[in-house]
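1. Just need the structure, nothing else, for what follows:
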Amino acid sequence: MGMELLEDLPDNVVGVRAVGEVEDDDYEDVLVPAVEEALSRYDKIRLLYVLGPEFTGYEADAMWEDTKLGMRTFTDYERMGIVTDGTWVRRSVKAFGWLIPGEVKVFPYDRLDEARAWITS
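-> From the prediction side, this is the model:
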């Protein structure tokens, strides 16, 4: 399946939902064009990344694409919201979130509406 863009968000917010296993093509076909489009209009953007119950994991090449995108756009995020019940994601953000410029916040999946409100406020 891969990634789906979330609807009904302001132009400066890129929202994406991971579904099934995320592959490298999902970054190239969905996330990278959405981030580049938003950055063509704004100096700083916001990212809402939803890893719901239908998310099963990353293909190894997808993790590399995620790293490359992060390195290219590292300072371009004003806020980043991650919605997940995955313990490993929460721990990773807690351990490394301070490295990311801007605000980073993790929400449990049942608080998706709160995450949407926070990322757009």
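2. what number of residues lie near the spatially closest residue to residue 114 that is not a sequence neighbour?
-> What sits nearest to residue 114 in space, not counting adjacent residues and going by Cβ to Cβ, 6 or more residues apart in numbering, is residue 107, at 6.0 Å. For every residue, glycine as well, the C-beta is placed using N, CA and C. Residue 107: 21 surrounding residues under other Cβ atoms under 10 Å.
3. Which residues are in contact with residue 107?
-> 81-84, 114-115, 118 (Cβ atoms under 8 Å, 6 or more residues apart in numbering).
4. can you pick the most crowded of these?
-> Most surrounded of these: other Cβ under 10 Å gives residue 83, at 26 neighbours.
5. mean confidence score for the strand or helix carrying that residue?
-> In this structure, residue 83 is located in strand 77-84 according to DSSP states H and E. In this model, strand 77-84 has a mean pLDDT of 92.
6. In the sheet, which strands lie alongside that strand, parallel or antiparallel?
-> strand 45-58 (parallel), strand 103-107 (parallel) (DSSP bridges).
7. Just the buried positions in the first one, please.
-> Of the residues in strand 45-58, those scored as buried under the neighbour-count criterion (16 or more other Cβ atoms under 10 Å) are 45-51, 55, 58.
8. Next, format the strands paired with strand 77-84 as a markdown table and append mean pLDDT and distance to residue 36.
-> Formatted as a markdown table, those follow (pLDDT from 0 to 100; distance: least, Cβ to Cβ, whole Å):
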| stretch | mean pLDDT | distance to residue 36 |
| --- | --- | --- |
| strand 45-58 | 90 | 10 |
| strand 103-107 | 92 | 21 |
